[in-house]
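Trainee: Build the 3D model from these lines:
(2 chains)
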Amino acid sequence: MGKKRTVGFSRFSEVQTAWLFMAPGLLLLALFTFWPIIFSLPLAFTNYSVIGETSFVGLDNFKRAFSDVDFIASIKNSLLYMIIVPFIQIISILMAILVNQKIAGIKFFRTAYYIPVVTSMVAVAIIWGWLMSSNGVLNYLLMSVGLLDEKINWLSDKDTALWALMFITLWKGLGYYMMIYLAGLQAVPTDCIEAAKIDGASNFQIIRKIILPLLKPYIFFCTLISLMAAIRVFDEVFVLTSGGPGNATLTSSVYIYQQGFEQFEFGYSSALGLIVSFIIMFFSIFIFVFNKKGGVNPY
Amino acid sequence: MKNTNQLKRIISKFFVYVLLIIFAIFMMGPFLWLLSVSLMPGKNIFAFPPAILPTFIDFKNYLEVWEYMDFLKYIWNTVIITFLGVTLSLLFSALTAYPLAIFKFKGRNFIFLLLVSTMIIPAAAGLVVNYLTINSMGLINTFTGVVLPTLVSVFNVFLFRQAFMGIPTDIRDSGKMDGASEFRIWGQLMMPMIKPAVAVVGLFEFMANWNSFLWPIIVLNTEKYPLASALSFLNGQFSYNFGWIAAGTVISVLPIIFVFLFTQKYYMEGISGAVKG
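Mentor: Sure, this is the predicted structure:
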């Protein structure tokens, strides 16, 4: 083996080889990840749009953003969306503990819980859109068990629409986080739990004193991922409500999209993107610092 | 004493199954209902009380929507997009991650930090500029234009870097002793050792590409739409024909569920490998 010399990298130094390896990836990232960031900076200070001449407008876009009722509402909705993060962790940890047992049919349950994750958001949105309509199955079930007195049109009532969307996001994501926690649980040494059982620890004690501390790095990881996903939420809102009724479910990503691709105000849309990036940056720094203090690395 | 212990175990097992089944109904119920709606032609799902179980089973919706929508074309579009997206992103992400994990060179940490920092940008913010870029490259209405911006995800580079870092350094050294080029070491020694990570990234990319709908809608014309985009189009056009939409949704969901069922073994192994790192 190895007699035939492959043409290429052996002629290069280690540093050159490194750059050769990274070149295609970095080039693509430069073009489609860094370039948008760099380009949207100057764009944010112009009135660039499909129609009319482009000119420099200074801070006008930013001034406009902070007095734009819809934009402020969208930020508020995006922040409110983060409420689902702790619920995702609690329910998916519970699910992971349930499916971590060696009992008959457990593979079926793991698969069943994961199927919403692999399904497209369009399909999920269609199903839940029907289930949650005023004559839908959800109202029927809730009313027949007496939990609800009158029909609610969950997705078009401005008091419930955002909560309904948050519920769908939660439902679709649970399986994903369950799987990560399951991976974490399988790394927990079983003799540790056996020993605790012999010493007479209750299930609740085992979960609190052994499982949760060992899951800590996974909890950080999942919290970070789900928080970012919550602030950036787009698909389900776009398909189900497009931000309505009024601006009750308008999230920042949807608003940025609308300004860019429906109003064709590229300059203003870029400015909004920058503002939201700063908000996300603030939260991620917060989590990273929090994570450092906990002394655990999610990886 | 023994009997009460056994009884306890049976009760707790029963309790576990009850919980498992409750969650299963919660997670799968909506899909089962969708299936049921798709098999009831002519039923109005908004009649109250709503029809939940089919009183008869009929595949008419499937035949009609299949004829109307030309699903084979959309499935084919999706297959091309997914194939390009998965293979190329595995290749580019693994190539990028390798030196970041294994080599020692100036600027390594800087590049890594630069990559991680991009994870905070909201997706919608880059959309406009990416559209302009794809447009100026003349790639509007091409599959290349759909996959190109998604090929290297920082998240994948991250996972691959983590996996490469877990490989003992002697392996690369022994490859070098045998006179293998760095590229061969990467392809023939290292890649086989991070198979679980490849499985996870591959499946994540599969899902992302198969289900993507927004970017394809922006870049492509309707006849080149992948399944998810076509489905949202169908939903907009025929919002009153529930049976059709239900059947169309089932058709669009089935392929990816099958792929998941056949690959889930590797996937589960991979996830634990990738997150543990």
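Trainee: Pass me the low-pLDDT residue ranges in the stretch 1-150 of chain B, would you?
Mentor: Counting by pLDDT under 70, the stretch 1-150 of chain B shows low-confidence ranges at B:1-2, B:119-125.
Trainee: can you map out the strands along it?
Mentor: In the stretch 1-150 of chain B, no strands are defined using DSSP state E, counting those that start in this stretch.
Trainee: which residues touch the nearest residue to residue A:168 once chain neighbours are set aside?
Mentor: Sequence neighbours aside, residue A:128 is the residue nearest to residue A:168 in space, at 4.9 Å (criterion: C-beta to C-beta, 6 or more residues apart in numbering or on different chains). Where you see a C-beta, it was placed from the backbone N, CA and C, and this is true even at glycine. Neighbour list for residue A:128: A:164, A:168, A:171, A:240, B:30 [criterion: C-beta atoms under 8 Å, 6 or more residues apart in numbering or on different chains].
Trainee: what's near enough to touch the residue nearest to the fourth one when sequence neighbours are not counted?
Mentor: Computed as C-beta to C-beta, 6+ apart, the closest residue to residue A:240 that is not its neighbour in sequence is residue A:125, at 4.9 Å. When the contact criterion is C-beta under 8 Å, 6+ apart, the partners of residue A:125 are A:168, A:235, A:236, A:239, A:240.
Trainee: now, which of those residues lie within helices?
Mentor: Among those, the members falling in helices (DSSP state H) are A:168, A:235, A:236, A:239, A:240.
Trainee: What residues of the helix or strand where residue A:166 lies count as buried?
Mentor: Following DSSP states H and E, one finds residue A:166 within helix A:161-186. Going by neighbour count (16 or more other C-beta atoms under 10 Å in any protein chain shown), the buried part of helix A:161-186 is A:161-185.
Trainee: And the residue nearest the centre of the chain?
Mentor: You didn't say which chain, so I picked chain A. residue A:229 (1.6 Å; C-alpha atoms, centre = their mean).
Trainee: wait, I meant chain B there
Mentor: Centre-nearest of chain B using C-alpha atoms, centre = their mean is residue B:207, 1.2 Å out.
Trainee: And that one, how close does it get to chain A?
Mentor: 6 Å (C-beta to the nearest C-beta, to the nearest Å).
Trainee: Now for residue B:94, how many residues are close by?
Mentor: 26 (other C-beta atoms under 10 Å in any protein chain shown).
Trainee: try residue B:10
Mentor: Residue B:10 - counted by other C-beta under 10 Å - has 10 other residues nearby.
Trainee: Next one: it from chain A, what distance?
Mentor: For residue B:10, the distance to chain A - C-beta to the nearest C-beta - is 12 Å.
Trainee: Quick check: the gap between residue A:112 and chain B.
Mentor: Taking C-beta to the nearest C-beta, one finds residue A:112 at 5 Å from chain B.
Trainee: got the contact list for that residue?
Mentor: Contacts of residue A:112 by C-beta under 8 Å, 6+ apart are B:24, B:27, B:28.
Trainee: For it, give me the pLDDT.
Mentor: Listed pLDDT for residue A:112 reads 92.
Trainee: same question, residue B:243
Mentor: For residue B:243, the predicted pLDDT is 88.
Trainee: That one contacts residue B:44, doesn't it?
Mentor: No. With contact defined as C-beta atoms under 8 Å, residue B:243 does not count as touching residue B:44 (9.6 Å).
Trainee: Have a look at the two and say which one is more surrounded.
Mentor: The residue with more neighbours, out of residue B:243 and residue B:44, is residue B:243; 23 against 13, by other C-beta under 10 Å.
Trainee: What helix or strand is that one located in?
Mentor: helix B:242-276.
Trainee: re earlier: distance from the chain centre to the helix holding residue A:166, please.
Mentor: Offset of helix A:161-186 from its chain centre (C-alpha atoms, centre = their mean, to the nearest Å): 10 Å.
Trainee: could you check the angle helix B:242-276 makes with it?
Mentor: Counting by axes from the mean of the first three to the mean of the last three C-alpha atoms, to 10 degrees, helix A:161-186 lies at 40 degrees to helix B:242-276.
Trainee: on contacts alone, who are the packing partners of helix A:161-186?
Mentor: Under the contact definition 3 or more C-beta pairs under 8 Å, 6 or more residues apart in numbering or on different chains; DSSP states H and E, helix A:161-186 sits against helix A:69-81, helix A:84-99, helix A:106-118, helix A:121-131, helix A:212-231, helix A:235-240, helix B:2-38, helix B:242-276.
Trainee: give me that answer again for 6 Å
Mentor: helix A:84-99, helix A:106-118, helix A:212-231, helix A:235-240, helix B:242-276 (3 or more C-beta pairs under 6 Å, 6 or more residues apart in numbering or on different chains; DSSP states H and E).
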